[in-house]
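> Here is my input; please provide its structure:
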Amino acid sequence: MSNGVTGNIRGFIAGFGLPRLIIFFFIVALFLIAPFAGVRVDNSFKDVIVRFGQNGIMVLAMVPMMQAGTGLNFGLPVGIIAGLLGSTISMEMELSGAFGFFAAILFSMPFSLLFGCLYGILLNKVKGEEMTIAMYVGFSIVTFMAIMWLILPYSNPTMVWGYKGTGLRTTISMEGYWSHILNNFLVIKIGKNFEFPTGSICFFALMAFFMWLFMRSRTGTALASVGSNPVFARAGGVSIDKMRLISVIISTTYGAIGILVFQQSFGFVQLYQAPLYMAFPAVAAILLGGASINKATILNVVVGTFLFQSILAMTPAVINSVLKTDMSEVIRILISNGMIIYALTRKTQGAK
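Next up is the predicted model:
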């Protein structure tokens, strides 16, 4: 009897993943300790929800490429740059409110399609090394755009450097444009401290629903078959390169929309080196949610984003109060890189 229970527990731990289990109980412990450390639980939970809506779509952008067997999208900055171009063009035209936000999405689409197509063609030429190449592609486009932000012909006084009148600022305030446009839409206030960002959560749900519909379409099914069994997919007449290309374009498009949602919640546009490592939290979040290298679901996105953002929200408040020192960045880096190493190690072991 005891052997059977022990076996079930071991099976559960193996299936769920020991790192995820440790992080889950760590988050529960943080919420339990919070009142004793003088931290308001309602404020912390509000922060978790806001962070979820802020980052969820960039995590969702991981799904198509993982399903197509293209690996973890460390080249997410390619889509982020497309979104930054869309937002800066919209701000250059002095568009504001909901119109300005959706105009930014519209302006980012041509860049998403172009960058995604070029990015996908490159990854098709380096099969088996996608994640390594993707990382260098992401680093390269961010570095290239660091030069372009200085020479592109922007002239909006709120965006360019004041002393010279050319070149975009490192950080641009979105005040007066579309700052918190989604967060404040149909916001639900409970008590004095808790606010539920209805708009951003609903927008994430809408984008997740579109992803769910696509993955159940004929193209989405073919895309998933390429990731799970490329030999069978090829025998069924599916073009592997075409499906991989589609997955990269969709992932890039979601990355562009994701950074726009991030910007409206954060309240600032961050340029130059800011997008350099933005792929790592998104990769860590979806792996934390239970995704594997070649398989990811929307449930993995939801669970992983919630757990990862809970760590980021609760750690500074609770750990810093107890230890009287700032450990938030150390823990964030530890969890991000730890989950990525864990996933790659599992892949290696599974391949033996």
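> At which residues are the strands of this structure located?
In the chain, the segments counted as strands under DSSP state E are 171-173, 188-190, 194-196, 268-270.
> mind checking which of those is nearest Phe209?
Nearest of the strands of the chain to Phe209, taken as C-beta to C-beta: strand 194-196 at 19.3 Å. (Glycine included, C-beta is placed from N, CA and C.)
> That closest one pairs with which strands?
strand 188-190 (antiparallel) (DSSP bridges).
> of all the strands of the chain, which lies closest to Arg234?
strand 268-270 (42.3 Å).
> Run through who's touching stretch 135-154.
Contacts with stretch 135-154, where a contact means C-beta atoms under 8 Å, 6 or more residues apart in numbering, come from 74-78, 81, 84, 88, 92, 115, 119, 122, 160, 166-168, 271-273, 275-276, 279.
> Write the PyMOL selection for whichever of these are buried.
This is the PyMOL syntax for the buried subset of the contacts of stretch 135-154, where burial follows 16 or more other C-beta atoms under 10 Å:
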select buried, resi 74+75+76+77+78+81+84+88+92+115+119+160+168+271+272+275+276+279
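> What residues does the spatially most central residue of the chain make contact with?
With distances taken as C-alpha atoms, centre = their mean, Met58 lies nearest the centre of the chain, 2.6 Å away. Shown in contact with Met58 (C-beta under 8 Å, 6+ apart): 76, 80, 254-255, 258-259, 262, 278, 282.
> Of the strands of the chain, flag the one that's most buried.
strand 268-270 (a mean of 20; mean count of other C-beta atoms under 10 Å).
> Can you name every helix or strand that that one contacts?
Packing contacts for strand 268-270, counted by 3 or more C-beta pairs under 8 Å, 6 or more residues apart in numbering; DSSP states H and E, involve helix 77-92, strand 171-173.
> what about Ser96, neighbour count?
Residues lying near Ser96 (other C-beta atoms under 10 Å) number 17.
> ok so, going back, show me the two of the contacts of Met58 that sit farthest apart.
Tyr254 and Met278 (13.2 Å).
> which one of those two has more residues nearby?
Taking neighbours as other C-beta under 10 Å, Tyr254 and Met278 compare with Tyr254 leading, 27 against 22.
> so what's the more buried one up against?
Taking C-beta under 8 Å, 6+ apart, one finds 57-58, 60-61, 64, 79, 207, 211 in contact with Tyr254.
> same thing but 7 Å
Residues counted as contacts of Tyr254 (C-beta atoms under 7 Å, 6 or more residues apart in numbering) are 57, 60-61, 79.
> Would you format the residues you listed as a markdown table with neighbour count included?
Converted to a markdown table, the contacts of Tyr254 look like this (neighbours: other C-beta atoms under 10 Å):
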| residue | neighbour count |
| --- | --- |
| Ile57 | 27 |
| Leu60 | 28 |
| Ala61 | 29 |
| Gly79 | 35 |
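> Of these, which belong to helices?
The members of the contacts of Tyr254 that map onto helices under DSSP state H are 57, 60, 79.
> Could you tell me which residues make contact with the last one?
When the contact criterion is C-beta under 7 Å, 6+ apart, the partners of Gly79 are 61, 112, 251-256.
> closest to Leu299 among these?
Nearest member of the contacts of Gly79 to Leu299, counting by C-beta to C-beta, is Ala61, at 16.0 Å.
> got any ranges where the stretch 51-200 of the chain has weak pLDDT?
Residue ranges of the stretch 51-200 of the chain with pLDDT under 70: 162-165.
> In terms of pLDDT, where does Thr345 sit?
Thr345 carries a pLDDT score of 65 in this model.
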